[in-house]
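Colleague: Okay, predicted coordinates and the sequence, questions at the end:
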Amino acid sequence: MKFSIITLGCKVNLYETEALISHLSQKGWVYVEHDSNETPDVCIVNTCTVTATSDQKSRQMLRQLRRKYPSCILVAMGCYVQTHIQDVENLADILIGTKDKSKICELVEAYIEKKQSIHHVFEIANYTIYDEMKLNYRSTHTRGFVKIQDGCENFCSYCLIPYARGKIKSRLPENVIHEINVLVQSNTKEVIISGINTGTYGQDLGYINLAGLIERIMNETSLWRLRLSSIELMEISDQLLATMKKYKDRIAMHLHIPLQGGSDTVLARMKRKYTTFEYANVIQKIRQMFPDIAITTDCLAGFVGETEEEFKETLNFIQNMEFASMHIFPYSRRKGTVADEMSGHLDGGCIKERARKMIEIATNMKENYQRKFIGQTIDVLVEQKKGDYWMGHTSNYLEIYFQTETEELENTIQICTIQSLKKGKLYGTIKKEESYAYIS
């Protein structure tokens, strides 16, 4: 059985795709790239519903695959299916929500036998146990993603994800440790631990938290570098920061802390659980401990009822924060959310213009952060070759480009001196005599 998987959305989806590739390969299925010349027997789309654009992309991909592979078994799974089953029920042969993704084999066999569409979607709020999926090797990325948590109970007024992913569910620490050790054995240098609300890890287990899990990873694996995915401000504890400080040579100096709004009144309407004052204080504390750390963030443009004054407050606040990088999302109206029922929705042109202004500030801030490191020598985990240049990331997530006559450097660690910033990209030279290219 030949299969392909197309992934839309977040790092958690990427992880689940990797785990499925591993799982299905062990079952004897053969993975083929969806853009290869081979025709798969089964096409799987791991969907996303974080924005209206994500919904549209999910539908478009399903329709595109149906046209391209009319005889294949088409599987739609994930967040969009979980929250919009009526919109997608006629687009695929098998529908799977955010639970039981690893049951694809059985569901495909049932479809082949009965030749009837299958809807395997449950009310996710009824499930409180982590749905275990295992990753045995890397297949599509240099760095390894390891999922440690699922679910979110924040219920921000604009967001559908709590309805798609359900309650907080933490993975057993022993399973996390085992998976990281498996990846390390396959020469993975960096692992990103991720979740839907990563910082809440362990709250449902009652005997461990995120800091405790990191401590165990540091002591029970030989992983070269651990990176945290997005973490909410409220979950950044003194214990977590102390653990990062203790293992600063093995934990990436990068935290992605969603902001979403730079005005207190906007944050209140969003049902975010902090003020701009509280956000700024935590960022200041982090930078006092880690002066060169990259603080990156997400921010919505044009939220419901946002006035000109509130927008100016947001622009001023994000400038003062001096983020290393920002993801700017135009506000997207989502049926079923609290925000959808609010009055004062802005027109699309206004939202687009506000997003443009925010992106302009974000671009300048990113370049200011990049310039700070020109002349410095720093470790780079090399990921791929782009044209004539090798590209990799540093601990603080700087993307570095360099040239060398060495033919194969993927997944190696190079010592690089950063030389220049051109058109938003940092360029450097590697120190061959000091390189530890094949460190394991």
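Modeller: Thanks, I have it.
Colleague: Can you show me the strands along the stretch 301-440 of the chain?
Modeller: For the stretch 301-440 of the chain, applying DSSP state E, counting those that start in this stretch gives strands covering 325-330, 377-386, 389-393, 399-402, 413-422, 425-430.
Colleague: could I get those strands as a markdown table with mean pLDDT?
Modeller: Output for these, formatted as a markdown table (pLDDT from 0 to 100):
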| stretch | mean pLDDT |
| --- | --- |
| strand 325-330 | 97 |
| strand 377-386 | 94 |
| strand 389-393 | 96 |
| strand 399-402 | 97 |
| strand 413-422 | 96 |
| strand 425-430 | 96 |
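Colleague: To T188, which of those strands lies closest?
Modeller: strand 377-386 (10.3 Å; CB to CB). For glycine as for every other residue, the C-beta is placed from the backbone atoms N, C-alpha and C.
Colleague: what pairs with the closest one, and is each one parallel or antiparallel?
Modeller: Using DSSP bridges, strand 377-386 pairs in its sheet with strand 389-393 (antiparallel), strand 413-422 (antiparallel).
Colleague: Distance to E232 and mean neighbour count added to the strands of the stretch 301-440 of the chain, as JSON lines?
Modeller: Formatted as JSON lines, the strands of the stretch 301-440 of the chain follow (distance: least, CB to CB, whole Å; neighbours: other CB atoms under 10 Å):
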{"stretch": "strand 325-330", "distance to E232": "15", "mean neighbour count": "19"}
{"stretch": "strand 377-386", "distance to E232": "26", "mean neighbour count": "18"}
{"stretch": "strand 389-393", "distance to E232": "23", "mean neighbour count": "20"}
{"stretch": "strand 399-402", "distance to E232": "25", "mean neighbour count": "21"}
{"stretch": "strand 413-422", "distance to E232": "31", "mean neighbour count": "18"}
{"stretch": "strand 425-430", "distance to E232": "29", "mean neighbour count": "20"}
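Colleague: would JSON lines of those strands with distance to G305 be doable?
Modeller: Converted to JSON lines, those look like this (distance: least, CB to CB, whole Å):
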{"stretch": "strand 325-330", "distance to G305": "15"}
{"stretch": "strand 377-386", "distance to G305": "42"}
{"stretch": "strand 389-393", "distance to G305": "38"}
{"stretch": "strand 399-402", "distance to G305": "37"}
{"stretch": "strand 413-422", "distance to G305": "39"}
{"stretch": "strand 425-430", "distance to G305": "38"}
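Colleague: among the ones you listed, which is nearest K27?
Modeller: strand 377-386 (29.1 Å).
Colleague: For A301, grab the count of nearby residues.
Modeller: When neighbours are defined as other CB atoms under 10 Å, A301 has 23 of them.
Colleague: My guess is it contacts P330. True?
Modeller: Yes - counting by CB atoms under 8 Å, P330 is a contact partner of A301 at 5.2 Å.
Colleague: what sits in contact with each of those two?
Modeller: Common neighbours of A301 and P330, counting by CB atoms under 8 Å, 6 or more residues apart in numbering, are I351, R354, A355.
Colleague: Not counting its neighbours along the chain, what's nearest the first one?
Modeller: It stands for I351. In space, and not counting its chain neighbours, I351 is closest to G302: 3.2 Å by CB to CB, 6 or more residues apart in numbering.
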